[in-house]
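> let me see the structure of the following:
(chains A, B and C)
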Amino acid sequence: MPTWSAPVPESLPSAAYQEKWSAQRLTFVLIHGAWADAGFWNGIAAHLRKMGHTVYTPDNPGRGPDTNKDVTHAMITRSVADFITSRDLQNIVLVGHSFGGSVVQTVAQLMPERIKRLVFYNAFIIKDGEAVADEFPPAALEVFRKLRESSMDDTIMLPFPFFRETFVNLASLETARRIYSGIAPEPAKPSYDKLDLKKFYSQNFPASYVYFTEDNVLPQGNSEYGWHPHMSSRLGLFRLLKGQGDHLTTAKTDPGLVAARIYEAGRD
Amino acid sequence: MPTWSAPVPESLPSAAYQEKWSAQRLTFVLIHGAWADAGFWNGIAAHLRKMGHTVYTPDNPGRGPDTNKDVTHAMITRSVADFITSRDLQNIVLVGHSFGGSVVQTVAQLMPERIKRLVFYNAFIIKDGEAVADEFPPAALEVFRKLRESSMDDTIMLPFPFFRETFVNLASLETARRIYSGIAPEPAKPSYDKLDLKKFYSQNFPASYVYFTEDNVLPQGNSEYGWHPHMSSRLGLFRLLKGQGDHLTTAKTDPGLVAARIYEAGRD
Amino acid sequence: MPTWSAPVPESLPSAAYQEKWSAQRLTFVLIHGAWADAGFWNGIAAHLRKMGHTVYTPDNPGRGPDTNKDVTHAMITRSVADFITSRDLQNIVLVGHSFGGSVVQTVAQLMPERIKRLVFYNAFIIKDGEAVADEFPPAALEVFRKLRESSMDDTIMLPFPFFRETFVNLASLETARRIYSGIAPEPAKPSYDKLDLKKFYSQNFPASYVYFTEDNVLPQGNSEYGWHPHMSSRLGLFRLLKGQGDHLTTAKTDPGLVAARIYEAGRD
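Now for the predicted structure:
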């Protein structure tokens, strides 16, 4: 883990720590977002494991080390579904961050019998028949359209000034640059693929929304766009948790806080 | 007090504590909400008394130990009004939580000369001629209608899964169950009684709104429903205080925080 | 500095403090709001200087010690602009609080080449052709109209009860009175002057919005009025920072917190 991440406790957790954070031992599957890979979860997963939970962090095709950028939303869904079925995971708390929320939706409807609860962490919740990009405000859509057209391989790479103000607004410049240096151009298709989510909305999955309140990726307090309450309300009945933090930085600088909120969101 | 409540300081408060939290010695009358009784206030009242304030927590008819569920909003209003006049309480800071906000409105307009200030703590502020239920979103109204119809005595009992996600979303499962075990079926009528609030809105009561921001009972950030700013704005000029917490848990797990915000809301 | 302000660290900051808060040494010009003068910034400026930054806090004509109340928005703009050009300040982080946000807009468009970044701290961001008063909700407009008409010199003095609930809602009564005792009647014209802001909106100034979430001066969570997201969204791409605090008190009781947020807003 890079030195700019907050440290994970080395020693065994105390009995009081166990009692507070491990009353239930849960199985988490954590789905990262766009412009990210499974490394996004490093600090958070380490904290959850220290609490005594079992944690899986599958990579998505087209992201991270994968150099094939010709992927679709269905390929990502299939990849995560295969990861779960090949290990025969059961009673899963399926957690999605950002774009990963849409993957939580598509994977959950494929295997409702394996799902204990869904957790959306500043994550997309897409309407049936729509795409992740349908949740981008017009100005962002226009920026992304130009970036996509200017790429050689149908990807979108965020310019640093845009990334710095919106994805890592709480970071120091040094931390912002370190996080930015780890991201790769994002395959465009998965964000524009229309999703059939009829099965998702016909199930009543137990669900939680974890909202970090300084997230600046989508407009706040708006009835047409935004994480909470705009998309969270699509869950119908859901458990709400909040924290102080932004879209990407807090996972690196305060992973214990994020892990705590995710545990509180995932427990019964 | 049950062991799962946060402890109340035993020793006499220090001079610095007194200076911070008791600059004014106030008389509080605390009105609990639905699916609750005066025990809701135990921890908060203990903290306020430790600060040096005088605190009353009248029970409502139809709630708590009262087995007669055939009550109306007017009966609750009368009960609280009689409690106040029989003790000849003056210069009252009248505090309502949740449904108790509507009782604060109806009691205050009966005896404006006894009121120093009104404090609404994640509480209903009803429009003239409307009912508490007019502030429930359509999905909740439909759930409550069915629960009401299925009862033998015109009451509504919240199912645990609904209660757990919306009333005690921050609680551990153990704390959620302990709080749930203390609630009784709620008489339906008081929530559906239309209220004449002309006198309330013709007075300019000094008023404060205390908003705990992880409250998940009503939709957030919505112009049609919700505690703040939707209902708080009906006060016209009011003092705003915020805290981190949910609808019921925080009163039990962090009563000192709630007491501090209520004091800050109630002082001049 | 009055004793009711939080203390500023006397000793030289430690190396760790320097590393955290002074990675960049910045030049701040801090523009105060209405019913205020440069003394508003005392605690905040002291903290920023302790971090190693260079800080200027120009007074506005018509405010503070100035007894001539016959001023316009253009005169305030000119005064701040002259302050900056006479000192030949460069690479400025220009910060506005409240009304000062509109001055940040008008000064920035006069001298874009001197601006490094704009920071709005619970501050007005006015639309081209409009006035600060166009952001007041109707009830406030009506109160201000009467106060203005009743003055001898076209000023508006806030009555204490209104000021106490909205500008210093988090203060103790003693602190509220001390802050109130320091304010003078506000010249009305600058708030009603229509502003030509075409150049402001044609530039893409790097910009940040610092939002203290218990500010009760403007309605919250409303699409027509309010600091954030209503006015902040006019910046287009901007960096968002939040803090817990109200409109005026927090600058006095926790200036270190405000200084930290302003540094985080101002750095690259």
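
> show me which residues of chain A sit near chain B.
Proximity of chain A to chain B is assessed by C-beta under 8 Å from any C-beta of the partner chain, with A:23-24, A:206, A:208, A:221, A:223, A:228-229, A:233, A:236-242, A:264, A:267-268 identified as the residues in range. The way it works is simple: take the backbone N, C-alpha and C, and place the C-beta from them, glycine included.

> in strands, which of those residues fall?
Cross-referencing the residues of chain A next to chain B against strands under DSSP state E gives A:S208, A:R239, A:L240, A:L241, A:K242.

> the third one and A:A123: what is the separation?
Okay, so that is A:L240. Distance from A:L240 to A:A123, counting by C-beta to C-beta, to the nearest Å: 13 Å.

> higher neighbour count, these two?
The residue with more neighbours, out of A:L240 and A:A123, is A:A123; 26 against 23, by other C-beta atoms under 10 Å in any protein chain shown.

> who does the more buried one form a beta bridge with?
Beta-bridge pairing of A:A123, defined through DSSP bridges, involves A:S98.

> for it, report the pLDDT, please.
What the model reports for A:A123 is a pLDDT of 98.

> and the helices in the stretch 151-268 of chain A?
Along the stretch 151-268 of chain A, the segments classed as helices by DSSP state H, counting those that start in this stretch run A:160-166, A:173-181, A:189-192, A:198-202, A:249-253, A:255-266.

> in the fourth one, what counts as buried?
Meaning helix A:198-202. Of the residues in helix A:198-202, those with enough neighbours to count as buried (16 or more other C-beta atoms under 10 Å in any protein chain shown) are A:F200.

> what's that helix packed up against?
Counting contacts by 3 or more C-beta pairs under 8 Å, 6 or more residues apart in numbering or on different chains; DSSP states H and E, helix A:198-202 packs against helix A:100-110.

> in the helix it packs on, what's buried?
Counting neighbours by 16+ other C-beta under 10 Å, one finds that the buried residues in helix A:100-110 are A:G100, A:G101, A:S102, A:V103, A:V104, A:Q105, A:T106, A:V107, A:A108, A:Q109, A:L110.

> what of stretch A:225-235?
Within stretch A:225-235, the residues scored as buried using 16+ other C-beta under 10 Å are A:Y225, A:G226, A:W227, A:H228, A:P229, A:H230, A:M231, A:S232, A:S233, A:R234, A:L235.

> from chain C, how far out is the fifth one?
A:P229 sits 10 Å away from chain C when distances are taken as C-beta to the nearest C-beta, to the nearest Å.

> what do you get for the second one?
Computed as C-beta to the nearest C-beta, the A:G226 to chain C distance reads 9 Å.

> for that residue, report the pLDDT, please.
The predicted local confidence for A:G226 comes out at a pLDDT of 96.

> number of residues surrounding the nearest residue to it once chain neighbours are set aside?
Among residues not flanking A:G226 along the chain, A:L218 sits closest, at 4.8 Å (C-beta to C-beta, 6 or more residues apart in numbering or on different chains). Taking other C-beta under 10 Å as the criterion, the count of residues near A:L218 is 21.

> repeat that for A:P65.
Neighbours of A:P65 under the rule other C-beta under 10 Å: 9.

> ok, now which ones touch it?
Listed by C-beta atoms under 8 Å, 6 or more residues apart in numbering or on different chains, the contact partners of A:P65 are A:D37, A:D59.

> same thing with A:L30?
A:A38, A:W41, A:I44, A:A45, A:V55, A:Y56, A:T57, A:V95, A:H97, A:G100.

> surely it is within a strand?
Yes - in this structure, A:L30 lies within a strand as judged by DSSP: H, G, I helix; E, B strand; the rest coil.

> circling back to that earlier point, wait, which of the contacts of A:L30 is closest to B:T213?
B:T213 has its nearest neighbour among these in A:H97, at 21.6 Å by C-beta to C-beta.

> my read: the closest one touches A:D37, true?
No - in this structure, A:H97 sits apart from A:D37 without contact. The criterion is C-beta atoms under 8 Å, and the distance is 11.7 Å.

> which one of these two has more residues nearby?
Residue environment comparison for A:H97 versus A:D37 gives the larger neighbour count to A:H97, 29 against 19, counting by other C-beta under 10 Å.

> about what we covered before: just the contacts of A:L30 now: which is nearest A:K69?
Closest approach to A:K69 among the contacts of A:L30 (C-beta to C-beta): A:A38, at 17.2 Å.

> report the separation between the closest one and B:P159.
Plainly put, A:A38 is 38 Å away from B:P159 if you go by C-beta to C-beta.

> got it, and A:P255?
Relative to B:P159, A:P255 is positioned 35 Å away (criterion: C-beta to C-beta).

> contacting residues for the residue nearest to A:G226?
Neighbour list for A:L218: A:E135, A:F136, A:P137, A:Y225, A:G226, A:W227 [criterion: C-beta under 8 Å, 6+ apart].

> low-scoring stretches of chain A, by residue?
Using pLDDT under 70 as the threshold, the predicted model of chain A has low-confidence ranges A:1-19.

> returning to that earlier point: now restrict the residues of chain A next to chain B to buried residues only.
A:23, A:206, A:208, A:221, A:228-229, A:233, A:238-242, A:264, A:267.

> farthest-separated two in those?
Of all pairs drawn from these, the greatest distance, 34.4 Å, lies between A:A23 and A:G221 (C-beta to C-beta).

> and the residue of the stretch 51-200 of chain A nearest chain B?
With C-beta to the nearest C-beta, the shortest gap between the stretch 51-200 of chain A and chain B falls at A:R117, namely 10.5 Å.

> out of the ones in strands among the residues of chain A next to chain B, which comes closest to chain C?
Within the set of these, A:K242 lies nearest chain C; the separation is 11.7 Å, counting by C-beta to the nearest C-beta.

> chain C: which of the buried residues of stretch A:225-235 is nearest?
Closest approach between the buried residues of stretch A:225-235 and chain C, by C-beta to the nearest C-beta: A:G226, at 8.8 Å.

> surely that closest one is in contact with A:V217?
No - with contact taken as C-beta under 8 Å, A:G226 and A:V217 are classed as non-touching, separated by 9.4 Å.

> show me what contacts the nearest residue to A:V29 once chain neighbours are set aside?
Spatially, and ignoring its direct neighbours in sequence, A:V29 is nearest to A:Y56 (4.8 Å; C-beta to C-beta, 6+ apart). If a contact means C-beta under 8 Å, 6+ apart, then A:Y56 has A:T27, A:F28, A:V29, A:L30, A:F83, A:R87, A:L89 as its contacts.

> distance between stretch A:22-38 and the chain's centre?
Relative to its chain's centre, stretch A:22-38 lies at 8 Å (C-alpha atoms, centre = their mean, to the nearest Å).
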